[in-house]
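Trainee: sequence and computational prediction follow.
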Amino acid sequence: MTDTLLHLDASASHPDVSVSRRLTSTFAETWRRAHGGAHIHRDLAADPVPLPTPSYVTFGTRVERHGVVPFRSVAAMAENAAERAEWARTAPLVEELLAADTVLLGTPMYNYSVPAALKAWIDRVTFPGVYTDPATGDSLLAGTRVVVVSARGGGYRPGSPYAPLDFQEPYLRAYFGKLGVRDENITFVHAEFTRAADIPALAGFQHLTESSFAAARVQVVEIATAMPAAVR
């Protein structure tokens, strides 16, 4: 049985210059060579996920009142064409996440957090009840691995002056944890000072741009190569 990699890119930058995209591309190439499994790629910036609508919220709220609802039972609970259309947009994303053994997420830090393109995917894919096993109450994502590859224009490492402004890693760790992904299965790789050549105030840190990228590249290669077989 081969593993499945769900690869999401959220950067709005051109693929040739996007740091997060370059690193996730390296991860995916290394992962395919090492594991030979299925690779599903979604470009959330080029092909945005539609924002939730009032019909999505109404439908999700009704489903949530029923507690845990098996994925295959959700469609029958839609009451009108608008709700059926919302589920048609949502179901493929949920299926991809449920089927993934590893989620590779490439995201820049925008305004201390995540891009709107990624938040749209999060808001749509987080449909009530579908990530819980109806028979046991356990999370269906307990064995899923999440690798977040982020690019930050400045420095946000613990102990740095801007560390308190890092709302990206805590948010994503809390989000996937709430879905049921075990904390030990969530890995972060950060490339920092990516804007040191563009922002005058960061000019003194240009020497860290390439070294941080190089270290992040080594990390993604090591993680993708050493990643064990999934336990689902």
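Mentor: Great, that's in hand.
Trainee: ramachandran angles for I186?
Mentor: Backbone torsions of I186, given as degrees, to the nearest 10, read phi -110, psi 120.
Trainee: how close does it get to Q206?
Mentor: Using C-beta to C-beta, to the nearest Å, we find I186 at a distance of 31 Å from Q206. The way it works is simple: take the backbone N, C-alpha and C, and place the C-beta from them, glycine included.
Trainee: which of the two has more residues huddled nearby?
Mentor: Neighbours were tallied for I186 and for Q206 using other C-beta atoms under 10 Å; the higher tally belongs to I186 (19 against 12).
Trainee: V149: which element?
Mentor: strand 145-151 (DSSP states H and E).
Trainee: and the angle for the next helix or strand after that strand with strand 145-151?
Mentor: Later in the chain than strand 145-151, the nearest helix or strand by DSSP H and E is helix 168-179. With axes from the mean of the first three to the mean of the last three C-alpha atoms, to 10 degrees applied, the angle from helix 168-179 to strand 145-151 works out at 160 degrees.
Trainee: packing partners for helix 168-179?
Mentor: Other helices and strands packing on helix 168-179, by 3 or more C-beta pairs under 8 Å, 6 or more residues apart in numbering; DSSP states H and E, are strand 102-108, strand 145-151, strand 186-191.
Trainee: from the chain's centre, how far out does that helix sit?
Mentor: Per C-alpha atoms, centre = their mean, to the nearest Å, the displacement of helix 168-179 from the mean C-alpha position of its chain is 10 Å.
Trainee: also stretch 149-156?
Mentor: Its chain's average C-alpha position is 16 Å from that of stretch 149-156, according to C-alpha atoms, centre = their mean.
Trainee: contact partners of it?
Mentor: Outside stretch 149-156, the residues within contact range by C-beta atoms under 8 Å, 6 or more residues apart in numbering are 11, 18-20, 23-24, 27, 104-109, 162-163, 165-166, 168-169, 188-196, 199, 202, 205, 208, 216, 220.
Trainee: show the buried residues in those residues.
Mentor: Listed as buried from these are 11, 18-20, 23-24, 27, 104-109, 166, 168-169, 189-196, 202, 205, 208, 216, 220; burial here means 16 or more other C-beta atoms under 10 Å.
Trainee: who's in contact with the longest helix along the chain?
Mentor: The residue-count maximum for a helix in the chain (DSSP state H) belongs to helix 206-226. Here helix 206-226 makes contact (C-beta under 8 Å, 6+ apart) with 19, 23-24, 26-28, 30-31, 34, 147, 149, 155, 187, 189-194, 196-197.
Trainee: CA atoms only: put it into CSV for me.
Mentor: Provided in CSV are the C-alpha atoms of helix 206-226 (Å, rounded to 0.1, in the frame of the first residue of the first chain):
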residue,chain,number,x,y,z
GLN,A,206,20.9,39.8,4.0
HIS,A,207,23.7,37.3,5.0
LEU,A,208,21.0,35.2,6.7
THR,A,209,18.7,34.9,3.7
GLU,A,210,20.7,32.2,1.8
SER,A,211,21.8,30.4,4.9
SER,A,212,18.3,30.1,6.3
PHE,A,213,17.0,28.9,2.9
ALA,A,214,19.9,26.4,2.6
ALA,A,215,19.1,25.0,6.1
ALA,A,216,15.4,24.8,5.3
ARG,A,217,16.2,22.9,2.1
VAL,A,218,18.3,20.4,4.0
GLN,A,219,15.5,19.9,6.5
VAL,A,220,12.8,19.2,3.8
VAL,A,221,15.1,16.7,2.1
GLU,A,222,15.8,14.9,5.3
ILE,A,223,12.2,14.9,6.4
ALA,A,224,10.9,13.7,3.0
THR,A,225,13.6,11.0,2.8
ALA,A,226,13.3,9.7,6.4
